[in-house]
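S.K.: Give me the fold of what follows.
(one chain, ligands or ions: 2)
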Amino acid sequence: MVKKAENIIVGISIGDLNGIGSEVILKTFEDNRMLELCTPVIFANAKIVSFLRKELNIDIAIHGIDKLDQLVVGKLNVLNVWREGVNLELGKNDDVVGSYAIKSFVAATKALKEGFVDVLVTAPINKYNVQSEEFKFPGHTDYLDKELEGDALMLMVHDDLRVGLLTDHVPVNEVAKHLNEKLISSKIKTIIQTLKQDFEIEKPKVAVLGLNPHSGDNGVIGQEEEKIIKPTLKKLFEAGNMVFGPFPADGFFGSAQYEKYDAVIATYHDQGLIPFKTLSFGNGVNYTAGLNKIRTSPDHGTAYEIAGKGVANHESFKEAVYLAIDIFKKRNDYQELIKNPLKTKEKQL
Ligand SMILES: NC(=O)C1=CN([C@@H]2O[C@H](COP(=O)(O)OP(=O)(O)OC[C@H]3O[C@@H](n4cnc5c(N)ncnc54)[C@H](O)[C@@H]3O)[C@@H](O)[C@H]2O)C=CC1
Ligand SMILES: NCC(=O)COP(=O)(O)O
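M.R.: Ligands and ions are numbered 1, 2, ... in the order given. This next block holds a predicted model:
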């Protein structure tokens, strides 16, 4: 049964407490209508969140809880993941503060895994100061890939623009050696399934970008397209998938060809994220597709230089909450549909 909107529990990890994460979270839920849409729970500490609320002069009541069964509908719940105080200096890159971002994220992921929250929305972390013996991951995506079922795919979403990545947190000088038939096939299958079950697109059309300038120009500027990408796409196409490319990345975005496809697959992080953020910055969402649970986040980072100034734009965080809820509902509908296709067909007649 599909849950009533306000009962969808949105777990939120606080991110770097010295960054703009708390500001965009609090500004999002300052609008009371957001509390009619879902029941949010921030994984942090109620005193710290109240302190930040006052510092930032944001008008919202905080409801502190010690256990998830104390959640109250219609309130901004804050679960006490730790008790002690944390020295904050907004805008400062601090390893101790980074460790609290991870305490929050790990606790929120556990709650997601165990079904205490329905979806997870993460505020940004600083990928450097979170590193420790216990947490050696370049980002949320990589940790979730290990903790949850499925194969994670970083998918940036803004309206009908969806940009997925073949490689995400991989240094540029290692990208080419990661590209092989197995990876490309598996990522493309993940994106097709995601478009069907999470975005209700029955027969998705996917474009794949080349790695090299001009997509290699038939092997003159690099061999990856000829030797790996083209043969893999051919096999996928012949197996009935609407997969096209590889396209030269610059002209593809410059001439707005992306508008003809349900998703675009870039070969590496910046190839996809530069055009994506140029087209949508401030409203885009980072969705971790391919997993058995739903996680979204805003399209920006910790933005230390504006932390505490009250000028952070919260639209992307709000969009991340909307998208997580939307996908949660669409995925439930899809599961119902495939469970009983006959019943659904009868309903349509
Ligand atoms: N999901 C995550 O946890 C992410 C974390 N990061 C991390 O954030 C840190 C900073 O990364 P940067 O590349 O500098 O990206 P950034 O997104 O933090 O900042 C880029 C520029 O956009 C501005 N900006 C960002 N968000 C804004 C907002 N909501 N309102 C107004 N202006 C905003 C910043 O002031 C800066 O000028 C890094 O440690 C990075 O790893 C970056 C992206 C995602
Ligand atoms: N630029 C998006 C990004 O790298 C975010 O990474 P993650 O922390 O969401 O895995």
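
S.K.: confidence score at Lys203?
M.R.: As predicted, Lys203 sits at a pLDDT of 96.

S.K.: Tell me, how many residues neighbour it?
M.R.: 11 (other C-beta atoms under 10 Å). From N, CA and C alone the C-beta is placed, and that goes for glycine too.

S.K.: any weak-confidence spans in this protein?
M.R.: Low-confidence segments of the chain (pLDDT under 70): 1-6, 341-349.

S.K.: which residues are contacting the longest strand that it contains?
M.R.: If you go by DSSP state E, the chain has its longest strand at strand 150-158. The contact list for strand 150-158 (C-beta atoms under 8 Å, 6 or more residues apart in numbering) reads 141-142, 144-145, 162-165, 168, 186-187, 190-191, 194, 263, 269, 272-273, 276, 279-280, 283-292, 299, 319, 323.

S.K.: Narrow those residues to those that are buried.
M.R.: 141-142, 144-145, 162-165, 168, 187, 190-191, 194, 263, 269, 272-273, 276, 279-280, 283-291, 299, 319, 323 (16 or more other C-beta atoms under 10 Å).

S.K.: can you pull the contacts of the residue of the chain found nearest ligand 2?
M.R.: Of all residues in the chain, Gly139 sits closest to ligand 2, at 2.7 Å by C-beta to the nearest ligand atom. Remark: with contacts taken as C-beta under 8 Å, 6+ apart, Gly139 is in contact with Ile125, Lys127, Asp168, His169.

S.K.: Show me what the longest helix along the chain is packed up against.
M.R.: Determined from DSSP state H, the single longest helix within the chain is helix 315-339. If contacts are counted by 3 or more C-beta pairs under 8 Å, 6 or more residues apart in numbering; DSSP states H and E, helix 315-339 sits against strand 9-13, helix 21-30, helix 33-37, strand 119-122, helix 181-199, strand 285-291, strand 294-298.

S.K.: does any bit of the second one sit next to ligand 2?
M.R.: By that I understand helix 21-30. No - contact of helix 21-30 with ligand 2 (C-beta under 6 Å from any ligand atom) is absent, the minimum separation being 11.9 Å.

S.K.: who's in contact with that helix?
M.R.: With C-beta under 8 Å, 6+ apart as the contact definition, helix 21-30 has outside contacts at 12, 14-15, 34-35, 40, 42, 49, 52-53, 56, 58-60, 76, 123-124, 298, 302, 307-308, 310, 312-314, 316-318, 321.

S.K.: mind checking how far the most centrally placed residue in the chain is from Pro138?
M.R.: The chain has Tyr287 as the residue nearest its centroid, 2.6 Å off, counting by C-alpha atoms, centre = their mean. Spatial separation of Tyr287 from Pro138 under the definition C-beta to C-beta, to the nearest Å is 18 Å.

S.K.: Give me the contact list for the longest helix of the chain.
M.R.: Applying C-beta under 8 Å, 6+ apart, the set of residues contacting helix 315-339 from outside is 2-3, 5, 8, 10, 24-25, 27-28, 34, 37-38, 40, 118-121, 123, 157-158, 196-200, 282-287, 294-300, 344.

S.K.: PyMOL command to pick out the buried ones of the residues you listed?
M.R.: When burial is assessed using 16+ other C-beta under 10 Å, the buried subset of these is captured in PyMOL by this command:
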select buried, resi 8+10+24+25+27+28+34+37+38+40+118+119+120+121+123+157+158+196+197+198+199+283+284+285+286+287+294+295+296+297+298+299+300
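
S.K.: Of the contacts of Gly139, which is the most crowded?
M.R.: Most crowded among the contacts of Gly139, counting by other C-beta under 10 Å, is Ile125 at 26 neighbours.

S.K.: Provide a list of residues in contact with that residue.
M.R.: Neighbour list for Ile125: Gly15, Asp16, Gly98, Ala101, Ile102, Phe105, Gly139, His140, Thr302 [criterion: C-beta under 8 Å, 6+ apart].

S.K.: Okay, strands next: where are they in the stretch 1-150 of the chain?
M.R.: Using DSSP state E, counting those that start in this stretch, the strands assigned to the stretch 1-150 of the chain run over residues 9-13, 39-44, 62-65, 76-80, 119-122, 150-158.
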